[in-house]
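A.B. asks: 3D model of this:
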Amino acid sequence: MDPKPQLNPLLKLTLDLGPLLLFFVANARLGIYVATGVFMVAVLLALAVAWVMTRHVEVMPIVTAVIVLVFGGLTLVLHDDVFIKVKPTIIYVLFGGVLLGGIFFDKPLLGTVLGSVFNLTEEGWRKLTWRWALFFFALAVLNEIVWRTQSTDVWVSFKVFGVVPLTLLFGALQYPLLMKYSADEKR
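C.D. replies: Numbers count the residues shown, from 1 in each chain. Got it, this is the predicted structure:
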């Protein structure tokens, strides 16, 4: 069986972050409602590009797109930006919950998602999954604090210039765990 085609890492990063950056720019120039519409279209375009390039799309981007479309749609139809602000909280809680559910059923799901990138022991996958689940829950709490206490513009800036760097930093801080629990022969 042939392995699934993979996106170039730079293209994958662009497809992951591009819609968020477009959301930020559109919000700064045209406001939250136009930005929400731009975000919805950009997320769909990112999925379409991923599909055209690989003939498959991973589950997490699909789930994220569905939530963006539902909550973005509610934001536009009801003309209430609370829905788009709550969307990240729901996504983070969902991802954290799914990861913990995988641990509960003794199936650390990060191994399924990242198994082609990292080769870890079962204990390593379990610990990494716990860490990411807790990180997602922390992001959910942080999103709730920021959108409830700050202006919409500050919240949008936080999404781009706060969450993205925090996620990259958190990922980088997992390097010692990845090395400690590597299942590779050459250690």
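A.B. asks: Give me the average confidence score over the lengthiest helix in the chain.
C.D. replies: The single longest helix within the chain, with elements called by DSSP state H, is helix 122-149. Here helix 122-149 scores 95 as its mean pLDDT.
A.B. asks: what packs against it?
C.D. replies: helix 82-104, helix 109-114, helix 152-158, helix 164-172, helix 175-180 (3 or more CB pairs under 8 Å, 6 or more residues apart in numbering; DSSP states H and E). C-beta here means a position set from N, CA and C on the backbone, and glycine is covered the same way.
A.B. asks: Can you say which of those is nearest to L7?
C.D. replies: The closest of the helices and strands packed on helix 122-149 to L7 is helix 109-114. By CB to CB, the value is 14.3 Å.
A.B. asks: circling back to that earlier point, the longest helix of the chain to helix 82-104, inter-axis angle?
C.D. replies: 160 degrees (axes from the mean of the first three to the mean of the last three CA atoms, to 10 degrees).
A.B. asks: how about helix 122-149: buried residues?
C.D. replies: 124-129, 131-133, 135-137, 139-140, 142-144, 146-147 (16 or more other CB atoms under 10 Å).
A.B. asks: next one: that helix to chain centre, how far?
C.D. replies: Computed by CA atoms, centre = their mean, to the nearest Å, the separation of helix 122-149 from the middle of its chain amounts to 11 Å.
A.B. asks: Same check on stretch 164-182?
C.D. replies: Its chain's average C-alpha position is 16 Å from that of stretch 164-182, according to CA atoms, centre = their mean.
A.B. asks: Walk me through the domains of this structure.
C.D. replies: 1-78, 81-187 (automatic domain parsing).
A.B. asks: so where's this structure shaky on pLDDT?
C.D. replies: Applying pLDDT under 70 to the chain flags the ranges 1-3, 111-117, 185-187.
A.B. asks: ok, 90 please
C.D. replies: 1-14, 16, 54-61, 63-64, 105-122, 124, 181-187 (pLDDT under 90).
A.B. asks: Pull the contacting residues for the closest residue in space to F137 that isn't next to it in sequence.
C.D. replies: Spatially, and ignoring its direct neighbours in sequence, F137 is nearest to G96 (4.4 Å; CB to CB, 6 or more residues apart in numbering). Going by CB atoms under 8 Å, 6 or more residues apart in numbering, G96 touches W132, A133, L134, F135, F136, F137, A140.
A.B. asks: got it, and L139?
C.D. replies: With the criterion set at CB under 8 Å, 6+ apart, L139 makes contact with P88, Y92, V163, L166, T167.
A.B. asks: what do you get if the cut-off is 6 Å, keeping everything else the same?
C.D. replies: L139 makes contact with Y92, according to CB atoms under 6 Å, 6 or more residues apart in numbering.
A.B. asks: where's it relative to V34, distance?
C.D. replies: 26 Å (CB to CB, to the nearest Å).
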